[in-house]
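Novice: Predicted model, plus sequence, below.
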Amino acid sequence: MAVDAQTARIVGAYLDADARARTQTLARVEHAWAALDSWRDADATRFVRAVAPIVQAGERHIANLTSAYLAQYAAHLHGGPFRPARLDLDAVTGTALRGVDPAEVYMRPFHTLWTALSEGKRLTDAVAAGRARAQSLAVTDLQLAKTHTSRGVLGRDDRVVGYRRVLTGREDCGICAVAATQRYRKADLAAIHGGCDCGVQPIYGGRDPGQVIDPDGLDRAHDAIAERFGADAVDATARAAAYWPQIAIREHGELGPVLTLAAHDFTGPADLS
Ligand SMILES: [Zn+2]
């Protein structure tokens, strides 16, 4: 079913705002990283003190954006008032997301850096590896704030029966593109993947406006599918669904459901970096 223009605008505006929040947060994380110079314990402490609140502010912002988006979506579809759900921000940000104190999470870039040095890597390469780890952790935390907020809001709306994943076309990998062909139950937390920025689009019992599909995003998603599954995968959206049996959703102790290739050994957090 073709989606109406206003629905597409609501979803598009949300994903744009989400992308801006992500870019801003990552820039601030980068800034904190670039301010370090000794890479020793004192720097690690300084970084964690600076970055944990930066990421948490980003999570809160994305949680509020997500709640407002879902309220706007519901108001458009049902003609009712714009009424965002009351959010318990502590339940969808910070320690609640991984069950791990962010102060511990943001020490990990230094463990990456120090391990690289102990393996004889050059300092510049070790610093680059630590920086990449910091960025990857922040991206995952922001996405978890989005998926946890979505599940919380949709779970309290009796009219919602499930949701679809929406590809943004910015970060989509082949696995996300295949996962976006499916419908999900509203109680299920959206599974993530490294760099995932997928949005969530609710499905209501009586009124399903269809799926928002950004043609540019779809092209990029098809390229990603081709890269992952082979060149013959590019010819049609519908073909993506045929690859669904190759995808597995595995429960990760810290991150919750994670998308992987079914044939792939699940090795944990490294899959997400
Ligand atoms: Zn994704």
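Specialist: Cool, got the structure. Numbers count the residues shown, from 1 in each chain.
Novice: the strands in the stretch 51-200 of the chain, which residues?
Specialist: Using DSSP state E, counting those that start in this stretch, the strands of the stretch 51-200 of the chain run over 160-166, 183-185, 199-204.
Novice: mind giving me CSV with those and columns for distance to residue 77?
Specialist: C-betas here are computed from N, CA, C, even on glycine. What follows is the strands of the stretch 51-200 of the chain, written out as CSV (distance: least, CB to CB, whole Å):
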stretch, distance to residue 77
strand 160-166, 10
strand 183-185, 17
strand 199-204, 6
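Novice: who wins for proximity to residue 65 among those?
Specialist: strand 199-204 (10.3 Å; CB to CB).
Novice: closest to the ion out of the strands of the stretch 51-200 of the chain?
Specialist: Minimum separation from the ion across the strands of the stretch 51-200 of the chain (CB to the ion) falls at strand 160-166, 6.6 Å.
Novice: Dump the closest one to CSV, keeping only the CA atoms.
Specialist: Taking Å, rounded to 0.1, in the frame of the first residue of the first chain, the C-alpha atoms of strand 160-166 are listed here in CSV:
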residue,chain,number,x,y,z
VAL,A,160,-0.8,-0.7,18.2
VAL,A,161,-0.5,-4.4,17.1
GLY,A,162,3.1,-4.3,16.0
TYR,A,163,5.7,-2.3,14.1
ARG,A,164,8.0,-2.3,11.1
ARG,A,165,11.6,-1.2,10.9
VAL,A,166,12.2,1.9,8.8
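Novice: Distance of residue 57 relative to the ion?
Specialist: Counting by CB to the ion, to the nearest Å, the gap from residue 57 to the ion is 23 Å.
Novice: residues contacting residue 26?
Specialist: The contact partners of residue 26, by CB atoms under 8 Å, 6 or more residues apart in numbering, come to 135, 138, 139.
Novice: Grab the nearest non-local neighbour of residue 191.
Specialist: Leaving out its chain neighbours, the residue that sits closest to residue 191 by CB to CB, 6 or more residues apart in numbering is residue 257, at 3.8 Å.
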